[in-house]
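# how does the following fold in three dimensions:
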Amino acid sequence: MLEHQLLTYQELRNHDLVMNTFATGTGKTKASLLHLLDRPNVNVLFIAPTNELIRQHARDVEIFVADAGLPHLVVELNARLLREFDPQNELRRQGERFHRLLENPLQFTDELNIPEEKRDTRFPIVLVTNPDIFYYALYFGYNRKDARNVFYDMFGHFDYVVIDEFHYYNPKQLSNFLFYFALSLGLGYFRHGRKICLLSATPSRQLYEYLERLTVQGMKYTVVSPQPVVPDDPLAVRTLAPVELNFTLGDNEVSEYVVSHARTIRQLIDSGQDGAIISNSLRDISQTALHLRANGFSETDYRRITGPYKDRDVKPLVLATPTVDIGYNFEGRTKQRQNLDFVIFTAQSTDAFWQRLGRAGRV
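Take a look at the predicted model:
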């Protein structure tokens with residue numbers, strides 16, 4: 001267990017809201033789940049910004065629950081899956097399906113793949129879902145016949161809430177979360193045990209200011225953030241390898257860079273290194289693939305990720321759009337070093353620059 005994971009676990013005992021700001025890939029998800037060891041019967045709402053990240057977190061939570069011997073049912077939910085829970089359309093309204101799911105998940109034992117040993121008893125639930133489901137529930141967005149029930153289900157059913165990649169949400173989603181914090185405080189839910197854990201490597205100054213205002217009104221919150229350590233600290237765990245950074249001026253697209261550096265990329269791959277090429281433009285990635293093929297690369301050398309992805313086919317080079325910025329783990333060949341040895345990318349914003357630069361050298 002890493003120190004920040006232990007600190008997050010400890011701080012949640014004494015605070016209403018804890019924000020973990022450690023870098024992506026350092027185990028923030030596990031840090032948030034450790035709280036369940038203290039409260040094994042609590043219902044949990046876990047929100048992530050993309051459906052791929054939802055799938056990834058659902059797997060992670062299932063593994064944690066099994067390893068810890070916790071009783072929870074883990075339910076992955078988005079609009080498509082909610083429709084699939086009722087393939088015969090007997091429950092014609094999405095809101096009714098959602099309400100019945102939260103009221104009693106055992107009504108959907110086959111759809112949720114609930115194991116036989118859990119089909120005759122009610123268990124606490126970990127609902128892993130996206131911000132849109134949360135928004136529509138909280139703002140009475142479902143059919144008027146279901147809106148009140150779904151609101152109470154979403155607002156009152158969960159005593160522990162985890163929100164991942166908190167810096168990533170759009171203004172509407174972000175304001176929804178902030179309203180939820182204030183409403184939880186105003187209606188006394190924190191006094192009765194509600195806990196919230198935010199996971200964000202790059203929280204904004206405005207978020208800190210808002211949380212400070214809620215502190216004045218009575219909410220107890222703290223931040224678990226990285227602290228400098230000396231290189232010879234026996235308890236330090238390296239999470240980043242040294243990175244050599246090169247800026248190229250004038251190349252607005254990675255495909256232009258690849259034209260003049262194809263031989264270097266070939267040498268890196270032939271030496272056993274793994275890398276990624278990331279661009280904001282799908283056209284740019286397509287052009288990059290063409291240039292690589294023209295310089296002797298084959299489909300055994302690279303794979304493209306430009307949309308939803310299911311397979312984890314391992315290739316030494318990944319060509320990708322911003323699809324991989326959130327919710328994708330570059331799982332390469334087994335090796336005792338960083339997953340990615342080099343990254344070539346463009347970035348049009350500060351957040352995108354640091355997100356993509358952080359992919360390089362991550363151990």
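# pairing partners for the helix or strand hosting residue 198, with directions?
Using DSSP states H and E, residue 198 maps to strand 195-199. Strands that pair with strand 195-199, judged by DSSP bridges, come out as strand 17-20 (parallel), strand 160-163 (parallel).
# contact partners of the first one?
Outside of strand 17-20, the residues that reach it under the criterion CB atoms under 8 Å, 6 or more residues apart in numbering are 4, 8, 11-12, 28, 31-32, 166, 181, 195-200, 203, 211, 214, 219-225. Glycine gets a C-beta too; all of them are placed from N, C-alpha and C.
# ChimeraX command for the buried members of those?
Selecting only the buried members of the contacts of strand 17-20 in ChimeraX, with burial defined as 16 or more other CB atoms under 10 Å, works like this:
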select :4,8,11,12,28,31,32,166,181,195,196,197,198,199,200,203,211,214,219,221,222,223,224
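# which of the contacts of strand 17-20 fall in strands?
Applying DSSP state E to the contacts of strand 17-20, the entries found in strands are 195, 196, 197, 198, 199, 221, 222, 223, 224.
# closest to residue 322 out of the residues you listed?
When these are compared for distance to residue 322 (CB to CB), residue 199 wins out at 19.5 Å.
# need the contact list for the closest one.
By CB under 8 Å, 6+ apart, the contact set of residue 199 is 19, 20, 28, 29, 31, 32, 162, 163, 164, 165, 166.
# what would those residues look like in a markdown table with distance to residue 264 and pLDDT?
Below are the contacts of residue 199 laid out as a markdown table (distance: CB to CB, whole Å; pLDDT from 0 to 100):
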| residue | distance to residue 264 | pLDDT |
| --- | --- | --- |
| 19 | 41 | 97 |
| 20 | 38 | 96 |
| 28 | 34 | 92 |
| 29 | 36 | 93 |
| 31 | 38 | 96 |
| 32 | 40 | 97 |
| 162 | 42 | 97 |
| 163 | 41 | 97 |
| 164 | 36 | 93 |
| 165 | 33 | 89 |
| 166 | 38 | 89 |
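# if we take the residues you listed, which one ends up nearest to residue 345?
Minimum separation from residue 345 among the contacts of residue 199 (CB to CB) is found for residue 165, which lies at 18.7 Å.
# burial measure for the closest one, as a count.
Using other CB atoms under 10 Å, residue 165 has 21 neighbouring residues.
# can you map out the helices along the stretch 51-200 of the chain?
Secondary structure of the stretch 51-200 of the chain (DSSP state H, counting those that start in this stretch): helices at 51-68, 79-84, 94-103, 131-138, 147-156, 171-186.
# so what's the residue lying closest to residue 18 once chain neighbours are set aside up against?
Spatially, and ignoring its direct neighbours in sequence, residue 18 is nearest to residue 11 (4.7 Å; CB to CB, 6 or more residues apart in numbering). Applying CB under 8 Å, 6+ apart, one finds that residue 11 lies in contact with 18, 222, 224.
# if I look at residue 11, how far off is residue 29?
Separation of residue 11 from residue 29 (CB to CB, to the nearest Å) stands at 16 Å.
# same question for residue 181.
With the distance defined as CB to CB, residue 181 ends up 21 Å from residue 29.
# low-scoring stretches of the stretch 251-363 of the chain, by residue?
Per-residue confidence of the stretch 251-363 of the chain (counting by pLDDT under 70) places the weak regions at 251-252, 306-313, 327-338, 361-363.
# same thing but 50
Per-residue confidence of the stretch 251-363 of the chain (counting by pLDDT under 50) places no residue in a weak region.
# ranges for the strands of it?
Ranges of strands in the stretch 251-363 of the chain, per DSSP state E, counting those that start in this stretch, are 275-278, 302-305, 317-320, 342-345.
# got TSV for the ones in strands among the contacts of strand 17-20, with pLDDT and distance to residue 139 too?
Putting the ones in strands among the contacts of strand 17-20 into TSV (pLDDT from 0 to 100; distance: CB to CB, whole Å) gives the following:
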residue	pLDDT	distance to residue 139
195	98	23
196	98	19
197	98	23
198	97	21
199	94	24
221	95	24
222	97	29
223	97	28
224	96	31
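# between these, which is nearest residue 96?
Residue 96 has its nearest neighbour among the ones in strands among the contacts of strand 17-20 in residue 196, at 28.1 Å by CB to CB.
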